[in-house]
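Enquirer: Can you look at this prediction? I've put the sequence above it.
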Amino acid sequence: MSYDPTRRHFFFGTLRAGAVPAAGFGSAPSLRMLGYKSPNEKLNIASIAAGGKASSDIDGCATENIVALCDVDEKQAARKFKQYEKVPKFKDFRQMLDKEAKNIDAVIVATPDFMHATAAMWCMERGKHVYVQKPLTRTVWEARQMRDAASKYKVATQMGNQGYSNEGTRQAAEMIWAGEIGDVTEVHAWTDRPIWPQGLTEIPPPDTVPSTLDWDLWLGVASSRPYTSGGEKYAKRGNGFYQPFNWRGFYDFGCGALGDMACHILGAPNLALRLGAPTSVECVMKEGVSEFMFPKKSITRYDFPARGSMPALKLFWHDGLNETPVIERVPKGELLGDLPGRPFGRGPGQRPAAATVGRVFDYEEFLKTKQDSEARMPRPDGSLFIGGKGMLTTGTYGEQTRLVPAEKMKDYKFPPQFLTRSPGHYRDWIRACKGGEPACSNFNVASPFVEWMLLGVIALRVEGKLEWDAAKMRFTNNAKANQYLKPSIRKGW
């Protein structure tokens, strides 16, 4: 049975995400009276973080006015600080919001995961629109708080999972809703992450905090601990033990490979299959276990109940891979992952080129890629939908969407477009900030998505299947797991 999108999937254009007056258009004399800017008037945007991913987020919003920057690490922020020499600079975002509040309309939040919710809440409470990097929050409770705050303070929001704006993500949904592969009962998603250390069992001895870093501010809400660079071993890699990047692997700071890549790779399954709350989650395999870090490699299983006319679903997340997983019935070479150098792929550390976001799958290009696959090892990142009539696969950000085997795409015509197309992930948010329709990954969409994803993060820390009661926000069979649903917040924060 095909799934009828006209009855069940009209949610992209919902008008209840806070970017529109509560009583609807026409309930106030003008958007300007409600504090919205004209579409032709530039937003004043600040950024909490300026190095790392924040740098490209700032670039993505460079059409607007960048009016203030904040980063606890002067070394990591140096390039952006120099680029915007004349704007005020801060180490503490609380001071920035206090001093520059009148000059700021919207804020980018691109700190490590554990500070996302705290920083974003400070912004929303002050009426500032927010763009928050994935995975939005580190805990389930924070995800719900973020959604409630966005509604309460009537701000425009967006999570930084760019794949939700990609053409292929929408194509995957439309193909599945058109019944192209029948009822989907199984999904696999995979990644080569972590590409940072995980599974370590010892913490190096403390050493001197660099003069460019405010370590106490970096720790933020997390419990105090001595700074360590990790010594010569980590210096050679150009990365410290905790920061600027390795924090992702620590329970206290990040969400591991799931937090880094699931909001991208599972975006197409979440949209196409309307994945609400699962009934259970379980880590079914892990290697390299640690008391304070995520494992080196793992497989996590989620079980979702039937949703409308969609049947129950089992979803498997594979991380720590060196190559695409072997999945029963999938011919070799069909799950190519992301090949470096190809127009619809990406090289190590790169995002898909802007020109590829709206590209439709090209069968002839695929054949060339397939011929190169043995000589140029694919990066294993992607997803596979298994249905009663066939299979469909996508790349990291929803790109390369195609039927399996790809020969089925030779003369394939995509279903008529049902979902609206995105003007670009940052532009989508900027438009919402100025009174346009809600962004595609606004917190009404992103929070439920992140919530079920974060259940897998908890499953990596405890043994056995976890039975989930979404209404009560608790696991019904594991008290230890429940302690990870909310963060511990350091005194003073």
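Expert: Noted; the coordinates are in hand.

Enquirer: Dihedrals phi and psi, the spatially closest residue to residue 132 that is not a sequence neighbour?
Expert: Leaving out its chain neighbours, the residue that sits closest to residue 132 by Cβ to Cβ, 6 or more residues apart in numbering is residue 109, at 4.5 Å. Where you see a C-beta, it was placed from the backbone N, CA and C, and this is true even at glycine. In terms of degrees, to the nearest 10, the main-chain angles of residue 109 are phi -120, psi 110.

Enquirer: didn't residue 109 look like it was pressed against residue 48?
Expert: Yes: counting by Cβ atoms under 8 Å, residue 48 is a contact partner of residue 109 at 5.0 Å.

Enquirer: Settle it for me: which of these two has more neighbours?
Expert: residue 48 (30 against 26; other Cβ atoms under 10 Å).

Enquirer: got the contact list for the spatially closest residue to residue 260 that is not a sequence neighbour?
Expert: The shortest distance from residue 260 to any non-neighbouring residue, by Cβ to Cβ, 6+ apart, is to residue 193 (5.2 Å). Applying Cβ atoms under 8 Å, 6 or more residues apart in numbering to residue 193 gives the contacts 256, 257, 260, 261, 319, 320.

Enquirer: Is residue 193 part of a helix or strand, or is it coil?
Expert: Of the three states, residue 193 takes coil according to DSSP: H, G, I helix; E, B strand; the rest coil.

Enquirer: Can we start the residue count at 338 from this point?
Expert: Shifting the count to begin at 338 puts that one at residue 530.

Enquirer: What separation do you get for it and residue 733?
Expert: Remark: distance between residue 530 and residue 733 (Cβ to Cβ, to the nearest Å) = 10 Å.

Enquirer: who touches both of these two?
Expert: Between them, residue 530 and residue 733 share the contacting residues residue 598, judged by Cβ under 8 Å, 6+ apart.

Enquirer: pull the longest helix from this protein.
Expert: When the chain is parsed with DSSP state H, its longest helix is helix 780-796.

Enquirer: Tell me where the stretch 538-687 of the chain is predicted with low confidence.
Expert: 573-575, 673-687 (pLDDT under 70).

Enquirer: before we move on, the earlier item: quick one: which of the contacts of residue 530 is nearest residue 502?
Expert: The nearest member of those to residue 502, counting by Cβ to Cβ, is residue 598 at 16.6 Å.

Enquirer: if I pick that closest one, what's in contact with it?
Expert: Here residue 598 is in contact with 528, 530, 656, 718, 733 (criterion: Cβ under 8 Å, 6+ apart).

Enquirer: Repeat that for residue 476.
Expert: Counted by Cβ under 8 Å, 6+ apart, residue 476 has contacts 454, 791, 821, 822, 823, 824.

Enquirer: Need the per-residue pLDDT for the closest residue to the second one other than its chain neighbours.
Expert: Of all residues not flanking residue 791 in the chain, residue 477 sits nearest, at 5.2 Å (Cβ to Cβ, 6+ apart). You'll see residue 477 listed with a pLDDT of 98.

Enquirer: any idea how far residue 477 is from residue 815?
Expert: With the distance defined as Cβ to Cβ, residue 477 ends up 14 Å from residue 815.

Enquirer: okay, and the common contacts of residue 446 and residue 385?
Expert: With Cβ under 8 Å, 6+ apart as the test, residue 446 and residue 385 both reach 456, 460.

Enquirer: Now do the same for residue 461: helix, strand or coil?
Expert: Assignment for residue 461 (three-state DSSP): helix.

Enquirer: Just the C-alphas of the helix or strand just after the longest helix of the chain, formatted as CSV.
Expert: For helix 780-796, the following helix or strand on the C-terminal side (DSSP states H and E) is strand 803-806. Written as CSV, here are the backbone C-alpha positions of strand 803-806 (Å, rounded to 0.1, in the frame of the first residue of the first chain):
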residue,chain,number,x,y,z
LEU,A,803,15.8,0.2,26.5
GLU,A,804,12.0,0.4,26.4
TRP,A,805,11.0,4.1,25.8
ASP,A,806,7.9,5.9,27.1
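
Enquirer: Could I get the full set of helices for the stretch 438-587 of the chain?
Expert: Using DSSP state H, counting those that start in this stretch, the helices of the stretch 438-587 of the chain run over 453-462, 477-490, 504-514, 552-556, 569-573.

Enquirer: now do the same end-to-end measure for stretch 817-827.
Expert: With Cα to Cα, to the nearest Å as the measure, stretch 817-827 spans 21 Å from end to end.

Enquirer: Show me which residues of stretch 628-647 are buried.
Expert: For stretch 628-647, the neighbour count (16 or more other Cβ atoms under 10 Å) marks 630-641, 647 as buried.

Enquirer: So what's the gap between it and the chain middle?
Expert: On the basis of Cα atoms, centre = their mean, to the nearest Å, stretch 628-647 is displaced by 16 Å from the centre of the chain it belongs to.

Enquirer: quick check: mean pLDDT across stretch 808-825?
Expert: pLDDT averaged over stretch 808-825 gives 97.

Enquirer: List the buried residues of that stretch.
Expert: Result for stretch 808-825 [16+ other Cβ under 10 Å]: buried residues 811, 812, 815, 818, 819, 821, 822, 824.

Enquirer: Make sure the second one is actually in contact with residue 821.
Expert: No: using Cβ under 8 Å, residue 812 is not in contact with residue 821; the gap is 9.4 Å.
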